[in-house]
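Q: predicted structure and sequence below. I'll ask about it afterward.
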Amino acid sequence: MKVLVTGGAGFVGSHLVDELAKKHEVVIYDNLEPQVHKNVPEYLNSDAVFVQEDVRNRTKLNEAVEGSDIIFHEAAMVGVGQSMYQVEKYMDVNTMGTAKLLDILANEEHNVKKLIVASSMSIYGEGKYECPDCGIIHPMLRSNEQLKKREWEMKCPNCDRVVKPVPTDENKTLQPTSIYAISKKDQEEMCLAVGRAYGIPAVALRYFNIYGPRQALSNPYTGVCAIFSSRIKNNNPPIIFEDGLQTRDFVSVHDIVRANLLVMEKSKADYEMFNVGTGKPVSILDIASTLSKLYGKNLKPEIVEKYRSGDIRHCYADISKIKKLGFKPEVT
């Protein structure tokens, strides 16, 4: 089969290309965003065809789509904080770039049999919680008033009791809190809607916090693992906001690739969305401490007890849905 991977030179895309190229003809379509790539990456798979172009270039994108059997749509601007001051660029690349791809699928001749889009856990906003009195709740972000008091844990919006985090499943209310998250929600919903309308099986994978080789340490918008690693390698202690006990679900890029390959093969995945994580919460403090040990550094994380407006407290994946397809995270 001929497989097109938009964003195929990036962190996730390049690992996906490596696996796909073992069995398929692969085309990498990537503009090499300067913030991420200074040059063509040395790791780029030589068995794949590389097209350096932008997803907003309809003519070139149409040429890449033509003849493709499967499309993995990984191309996107990435960064929650940055998206809040580069609003136009994020919506243009992520939302309108996806719109161009889907417009081609709707109006041009092609052989595409499946479309798999990279979504994000950021579309959930806060994770899912349980109140001892009120049961399951889907709270909005904590108020600045609460954070100023250094009351870090989530509270029930109904009774004000502290609530405990529980695994976040795909049916949780979507509450995107950044332009990046809104654009990822757009990508997911547009791909699924157009897929259903034109009979092109589409699948959305909601990636949780990814780590692994090729994550750009020079790019401050690639996630906490990269940020901490960069500081530790330069003998600076990791800086931790709040109390360090906030949790995330950290998943290996290799497991992300396995999930992509799985849904490509499984017809039961068609027109569905799936969380991709480990299902295990890990505190930010534990991540910082673990990275210091891995780098052989005796650096104690610096907990500054400051906060960033818009940060969520807890979110980790319920992966029972994708487990039914046969997925199991293999890297911990």
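A: Now that the structure is in, tell me what you want to look at.
Q: residue 310 touches residue 175, doesn't it?
A: No: using Cβ atoms under 8 Å, residue 310 is not in contact with residue 175, being 11.7 Å away. For glycine as for every other residue, the C-beta is placed from the backbone atoms N, C-alpha and C.
Q: the residue nearest to residue 68 when sequence neighbours are not counted and residue 95: what is the separation?
A: Nearest non-adjacent residue to residue 68, counting by Cβ to Cβ, 6 or more residues apart in numbering: residue 4, 4.2 Å away. Distance, residue 4 to residue 95, by Cβ to Cβ, to the nearest Å: 20 Å.
Q: who's more crowded, the two?
A: residue 4 (26 against 18; other Cβ atoms under 10 Å).
Q: name the residues of stretch 187-205 that are buried.
A: For stretch 187-205, the buried set under the neighbour-count rule, 16 or more other Cβ atoms under 10 Å, comprises 187-192, 194-195, 200-205.
Q: check what contacts that stretch and list those residues.
A: Outside stretch 187-205, the residues that touch it by Cβ atoms under 8 Å, 6 or more residues apart in numbering are 73, 76, 94-95, 98-99, 102, 105-106, 112-119, 123, 206, 256, 259-260, 263, 267, 269-274, 276.
Q: give me the buried entries from those.
A: For the contacts of stretch 187-205, a burial check counting by 16+ other Cβ under 10 Å picks out 73, 76, 94-95, 98-99, 102, 105, 112, 114-119, 123, 206, 256, 259-260, 263, 269, 272-274, 276.
Q: among these, which ones are in strands?
A: Here DSSP state E is the test, and the buried ones among the contacts of stretch 187-205 give 73, 114, 115, 116, 117, 118, 119, 206, 272, 273, 274, 276 as lying in strands.
Q: with respect to residue 149, which of those is nearest?
A: Using Cβ to Cβ, residue 206 is the member of those that lies nearest residue 149, at 32.2 Å.
Q: what distance do you get for the residue lying closest to the closest one once chain neighbours are set aside to residue 143?
A: If you skip the residues right next to it in sequence, residue 206 has residue 119 as its closest partner in space, 4.5 Å away by Cβ to Cβ, 6+ apart. Residue 119 sits 28 Å away from residue 143, taking Cβ to Cβ as the criterion.
Q: over to residue 184?
A: Applying Cβ to Cβ to residue 184 and residue 143 gives a distance of 25 Å.
Q: repeat that for residue 78.
A: 27 Å.
Q: save the ones in strands among the buried ones among the contacts of stretch 187-205 as TSV, and put in distance to residue 58 too.
A: Listed next are these as TSV, based on distance: Cβ to Cβ, whole Å:
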residue	distance to residue 58
73	15
114	21
115	17
116	21
117	18
118	21
119	23
206	27
272	28
273	26
274	29
276	30
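Q: okay, and for the stretch 101-250 of the chain, where does confidence drop off?
A: Applying pLDDT under 70 to the stretch 101-250 of the chain picks out residues 217-222.
Q: break down it into its strands, ranges please.
A: 114-120, 128-131, 135-137, 164-166, 202-207, 209-211, 239-240, 247-248, 250-252 (DSSP state E, counting those that start in this stretch).
Q: may I see those arranged in TSV, with distance to residue 157 as well?
A: Below are these laid out as TSV (distance: least, Cβ to Cβ, whole Å):
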stretch	distance to residue 157
strand 114-120	24
strand 128-131	9
strand 135-137	7
strand 164-166	15
strand 202-207	24
strand 209-211	25
strand 239-240	27
strand 247-248	20
strand 250-252	28
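Q: pLDDT of whichever strand or helix holds the residue nearest to residue 68, averaged?
A: Using DSSP states H and E, residue 4 maps to strand 2-6. For strand 2-6, the mean pLDDT works out to 99.
Q: identify the residues contacting residue 95.
A: 183, 186, 187, 190.
Q: closest to residue 162 out of the residues you listed?
A: The closest of the contacts of residue 95, once distances to residue 162 are taken by Cβ to Cβ, is residue 183, at 32.6 Å.
Q: which non-adjacent residue is nearest the closest one?
A: residue 94 (3.6 Å).
Q: next: residue 16.
A: Nearest non-adjacent residue to residue 16 (Cβ to Cβ, 6+ apart): residue 257, at 5.1 Å.
Q: okay, now the one you found: neighbour count?
A: 21.
Q: state the distance from it to residue 276.
A: On the measure of Cβ to Cβ, residue 257 and residue 276 end up 10 Å apart.
Q: count of neighbours near residue 226?
A: 19.
Q: what angle separates the strand holding residue 4 from strand 114-120?
A: 20 degrees (axes from the mean of the first three to the mean of the last three Cα atoms, to 10 degrees).
Q: partner strands of strand 2-6, with direction?
A: Take DSSP bridges as the rule and strand 2-6 pairs in its sheet with strand 25-30 (parallel), strand 70-73 (parallel).
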